[in-house]
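Trainee: Need coordinates for the below:
(3 chains)
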Amino acid sequence: MHQKKHFYTLKATERLKHRKKIDALFTAGQKFSLGEIRVVYHTTQAEEQAGLLLGVGVSKRYFKKAVDRNLIKRRLREAIRLSKLDFLPIVKEAGLNLDLFILYTSKEIPCFDHCLELVQAAVKKLARKLKP
RNA sequence: CCUUCUCUCCGCGCUGCCGCGGUACGCCUCGGCGUAUCGAGGAAAGUCCGGACAGCAUAGGGCAAUACACCGGCUAACGGCCGGGGAAUGGGAAACCAUUCACAGAUAGUGCCACAGAAAAUAACUACCCUCGCAAGAGGGAAAAGGUGAAAAUGUAGGGUAAGAGCCUACGGCAUGUUUCAGUAAUGGAACAGGCGGGUAAACCUUGUAUGCUGAAAUGCCAUGUAUACCGGUGGUCGAGAGCGGCCCGUUCAAGAAAGCAGCAAUGCUUUCACGCCGGAGGGUAGGCAGAUAGAUCGCUUCAGUAAUGAUGCGGCCAGAUAAAUGGCAGCGGCCCGAAGCCCGGGAAACCGGCUACGGGAACAGAAUCCGGCUUACAGGAGAGAAGAUUUU
RNA sequence: GGUCCUGUGGCCGAGUGGUUAGGCAGAGCUCUGCAAAAGCUUCUACAGCAGUUCGAAUCUGCUCGGGACCU
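Mentor: Below is the predicted model of the structure:
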């Protein structure tokens, strides 16, 4: 296998895309709120290789314009990309498949630093919960 | 030089690190890596119109529904654009100029026109005139006068008459018709004729024209998956067709006539026949490929045309995502606003202009099948044109 | 992505071109020893901008807001 040069990636295959999986995540998943974001996650035992599927969302109720929604989703994805390595090893150690969805639930557009803080705090909390 | 308006164009740039989507090539452990290259807009928006494309429907006619409406042209098409005509408004002494216009029909019919007013559409309350009557008043004539109102029955003058009236005449006004001239036409000029009984059609309507319905979540293929399922009345088989349905599986229905012709009715046509039937409630999949990105394409040249636009030639390839890519951080520069400084220029001065440390700001907004328009939003900048004001010469 | 409906005081709501009803709520007054109830008075409105019309909440166009449906 060729050695990966970079680990801070977030490709299309790492994103949560399937309607059924998303429905399952929202019906069966656990959730907690932290500041302006709400985290929904669901773990299953990995069969072949442990992995991670991610999704972000912003409600049309809070931001009417598509430009604002796109901006917030991009900032959240960027924050997840930069803090992914903090908890990916934990997931792999536990041998779990983790589906994760992050929703933004405020009416103000956050700056990037604030997004990073929120996501890192959420990741720490999530790591604590996953560690038995 | 300043202000305002109109039109056209642009709507931050560069560098570094990390990251995302498509395509091409290479590598291998076959789903990843590497390299190269491309990667939001003038409105991508609103979804207000028109098409392309796709599926279904399609015997003809009538009614209904919706939209449009001066003329000519452009266009794939349009409710769009261009040119012309007419009207209104504003400026002006006028010539004329600018802006706007949903700009067919009100003698085809119906409705409505509050309040005020005699009366709001075949108008008689007062005043006027005639007749009858002692009088009060009654009958008739007559739209010339009457404080209203958004709107009052074609204006002025004369004749005429009992009093009056387009009742008649002259000069006007308004629309209509005929002829003629100019123009492709709308229309405009002139002459003649007969007329003049308000407004409202973004009230119903009439006339003319156009429109089959549904929309890429359309549609085709592949994969996955379930049910040859269940309940009540009474049991089995076949069953064209129809209904349910996004699709599939399936399920339901029908007899002496039934069904269809997808807004409605009639005529007509088509299909089916073999005997007995009615109702209820459901299951699965929702993933991939195509559609789908080379086109009514873009840039430039030349030609035709007043123009919209069209044609010829040369060159180019310019997003294709799908819980939805084009981002994050940092630095430098440019732009705009404010400005200490008193540095520079002009000036007698007031002051004006320039420069700079520093501080602040950078709009509206994100493709979702694709095009042509319309409408709306938009910090700032550039160019062209028009109007106005001030100063200097 | 597409289709449709709707907007009248603080709230609910009537109003088919001619002075924007009514109820609840608020304020004041009367009544009462004080309150409640009742009565009277009052305040606050046609989402915005244009057009048609003598006149627009109503008709037409555009914009803004709210909601529903197809999936």
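
Trainee: pretty sure residue A:78 is touching residue A:112, no?
Mentor: Yes - the criterion here is CB atoms under 8 Å, and residue A:78 meets it with residue A:112 at 7.0 Å. C-beta here means a position set from N, CA and C on the backbone, and glycine is covered the same way.

Trainee: tell me how far whichever strand or helix holds residue A:117 is from the chain's mean position?
Mentor: Assigned by DSSP states H and E, residue A:117 belongs to helix A:112-130. Here the centre of helix A:112-130 is set off from its chain's centre by 10 Å, with CA atoms, centre = their mean, to the nearest Å.

Trainee: Quick one: end-to-end length of stretch A:59-70, please.
Mentor: In stretch A:59-70, first residue to last residue: 11 Å (CA to CA, to the nearest Å).

Trainee: And the contacts of that stretch?
Mentor: If you take CB atoms under 8 Å, 6 or more residues apart in numbering as the criterion, stretch A:59-70 is touched by A:58, A:72, A:103-107, A:109.

Trainee: just the buried members of these?
Mentor: With neighbours counted by 16 or more other CB atoms under 10 Å, these contain buried members at A:58, A:72, A:103-104.

Trainee: wait, is residue A:62 part of a helix?
Mentor: No - counting by DSSP: H, G, I helix; E, B strand; the rest coil, residue A:62 falls outside a helix, being coil.
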